[in-house]
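S.K.: Pasted the sequence and its predicted model underneath.
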Amino acid sequence: MKNIKPALLIIAALISAFGLSACDVNAVLGQVSETASVEETASAEDSETTKAEEIVTTEAAETETETEPAEETLPNEAETTAAEQEAETAEDKAAAERAAFEEKVAAAMKPVAYVNEDTIGEIFSTATEIWKWFNMSTIPTSGEPVNGTFQYKVDYPYINTYADLEKYVRNYFSTEIADKLLSYRSDYTDIDGHLCVIPADRGANINYGKILSAELSERSASFVEYTLEVQKYSFAEDTGDLIDDGSETFIFKLQMDKYGCWRFVSFPMWM
């Protein structure tokens, strides 16, 4: 017993030196266990958070992938918009051209009152168009044949009846030339109060080409000469090929009547 007591004393001294008791030791061990548990819980939470972030990232990537086709359609939408704008511009241009044309025809429905270097080109162009309606082509038409015939309604501003057509012709040509032109086509006739015609065209004269020059060559108080130089062709005797044969000159004459109206009194054509 004497020997045991000293040993117990030593142990007690050690415990005192470290200031620990069995409860303290258990408490420390408990804190360590709780810390480890907290760390494990935090680690688990971090792991779950990481997984959640990965899921969100994956979903975001999938969303971006799904929206990519929409981005690819944007250029197509832009092209569609550009096409629509281009179509509107074309419609506006066509409407403007139509308005200018109708204004020109409205002016042409009156006799020619003045001829000079600035106006002769337009006067000659209108007269040539009229000449073609009786010698080469037909005034523009539209719609379906009238009453089951071969006649079509004329579609030209301000020319709704035969009387309108005759007035238009006589505004530009002398009585002699106008009578001849009107006699060439008996199919210009009114049906149900509207001018109709049978469309008929022919090709141009292949012996002549483009206009090389045009000038108001002579002008007096009541007389005008308009001169055209036109490219000319001929056929080779051996091969029959069309060859350049220089040019030919045509003189168109206008005369003013006592009312101050100018009309063509000579209208040679090469077409």
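M.R.: Right, received. Where do you want to start? Numbering: from 1, shown residues only.
S.K.: For the rest of this, base every contact and every neighbour count on C-alpha atoms.
M.R.: Noted.
S.K.: just checking, what packs against the longest strand anywhere in the chain?
M.R.: Longest strand of the chain, by residue count under DSSP state E: strand 242-256. On a contact count with 3 or more C-alpha pairs under 8 Å, 6 or more residues apart in numbering; DSSP states H and E, strand 242-256 meets strand 223-235, strand 262-266.
S.K.: What pairs with that strand, parallel or antiparallel?
M.R.: strand 223-235 (antiparallel), strand 262-266 (antiparallel) (DSSP bridges).
S.K.: Which parts of the stretch 101-250 of the chain are strands?
M.R.: Counting by DSSP state E, counting those that start in this stretch, one finds strands in the stretch 101-250 of the chain at the ranges 141-142, 152-154, 189-191, 194-197, 208-219, 223-235, 242-256.
S.K.: got TSV for these, with mean pLDDT too?
M.R.: Listed next are these as TSV, based on pLDDT from 0 to 100:
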stretch	mean pLDDT
strand 141-142	95
strand 152-154	97
strand 189-191	96
strand 194-197	97
strand 208-219	95
strand 223-235	96
strand 242-256	95
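S.K.: deepest of these, which one?
M.R.: strand 152-154 (a mean of 24; mean count of other C-alpha atoms under 10 Å).
S.K.: what sits up against that one?
M.R.: Applying C-alpha atoms under 8 Å, 6 or more residues apart in numbering, the external contacts of strand 152-154 come out as 139-146, 160, 194-199.
S.K.: Give me the distance from it to the chain's centre.
M.R.: 29 Å (C-alpha atoms, centre = their mean, to the nearest Å).
S.K.: Strand partners (parallel or antiparallel) of that strand?
M.R.: strand 141-142 (antiparallel), strand 194-197 (antiparallel).
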